[in-house]
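Colleague: Dropping a prediction and its sequence here:
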Amino acid sequence: MGEPLHYRDAGLELHGILERPREPNGRAVLVVHEAPGIGDNARRRTRLLAELGYVALAADLYGGGRTFGAEAAVGQMDVLRNDPPAFRRRVQAGIDALKQVEGVAADGVAAIGYCFGGMAVLELARGGADVRAVVSFHGLLRSNARAQAGEAKAKILACTGALDPLVPLEDVTAFQQEMDAAKTNWQLIVYGRALHSFTNRNVAGGADPRMDYDPSADRQSWAAALAFLDEAFA
């Protein structure tokens, strides 16, 4: 079920969950959680990655492994997304911790994220982090600190839902323009019937009409992400 991995961002102790593979492939992936904190989806993806040979760390963005309800989570998110340097540093702390795990090469790390975590890994890439690739699943695409030409080193894949009201078409267009202007190595996949949180089984049939689980988009985006990671590590 994973092991605790405590690491720090300045004075804040962060409580991640590490999964080690039985047959390591020499690669590692940071998995960044949705708005409430580390939950079932991030834990499951971390386990799946370990089964595929990756050392995988479920990152903690809030400290102490805390989780929040929907309303409180918005406030926690806003603290970070309104301060891009601090946001990027918080995600980078997980990358740094992962690179210290035995068997993980300094140049063998990637990051994936879901919802708020998807936004987080895009911020990581925008800031020029030394990672092979980032994959965002239904993450917000807009940023308070856009990518600058030549700064983003990571290959970028963003998977979004065409019906996601939190990522409207104007944000999708602006993201493409930003990535082009910054000369990044990027891809964008839009799933035509998908709402927000389309990879999260726990939101299926929930009360929030903005989000729902989409099994097809989940399967396709996961397959696309794994192929993207394979190519990035090749």
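Modeller: That came through fine.

Colleague: make it CA atoms for all contacts and neighbour counts henceforth
Modeller: Noted.

Colleague: can you pull out the helices in this structure?
Modeller: 40-51, 70-81, 84-99, 116-126, 169-181, 215-233 (DSSP state H).

Colleague: Dump those helices to a markdown table, plus mean neighbour count.
Modeller: Shown next, in a markdown table, are the helices of the chain (neighbours: other Cα atoms under 10 Å):
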| stretch | mean neighbour count |
| --- | --- |
| helix 40-51 | 20 |
| helix 70-81 | 14 |
| helix 84-99 | 21 |
| helix 116-126 | 28 |
| helix 169-181 | 15 |
| helix 215-233 | 16 |
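
Colleague: out of the ones you listed, nearest to Leu12?
Modeller: The minimum distance between Leu12 and the helices of the chain falls on helix 84-99, with 9.5 Å, by Cα to Cα.

Colleague: Show me what the closest one is packed against.
Modeller: Contact analysis of helix 84-99 by 3 or more Cα pairs under 8 Å, 6 or more residues apart in numbering; DSSP states H and E lists strand 3-9, strand 28-32, strand 55-58, helix 70-81, strand 109-114, helix 116-126 as its packing neighbours.

Colleague: Okay, now the unreliable bits of the protein?
Modeller: Along the chain, no part satisfies pLDDT under 70.

Colleague: Identify the residues contacting stretch 23-32?
Modeller: 38, 42, 45-46, 49, 53-61, 94-95, 98, 103-105, 108-114, 116-118, 120-121, 233 (Cα atoms under 8 Å, 6 or more residues apart in numbering).

Colleague: ok, now with 6 Å
Modeller: Residues outside stretch 23-32 that contact it (Cα atoms under 6 Å, 6 or more residues apart in numbering): 53-59, 108-113, 117.
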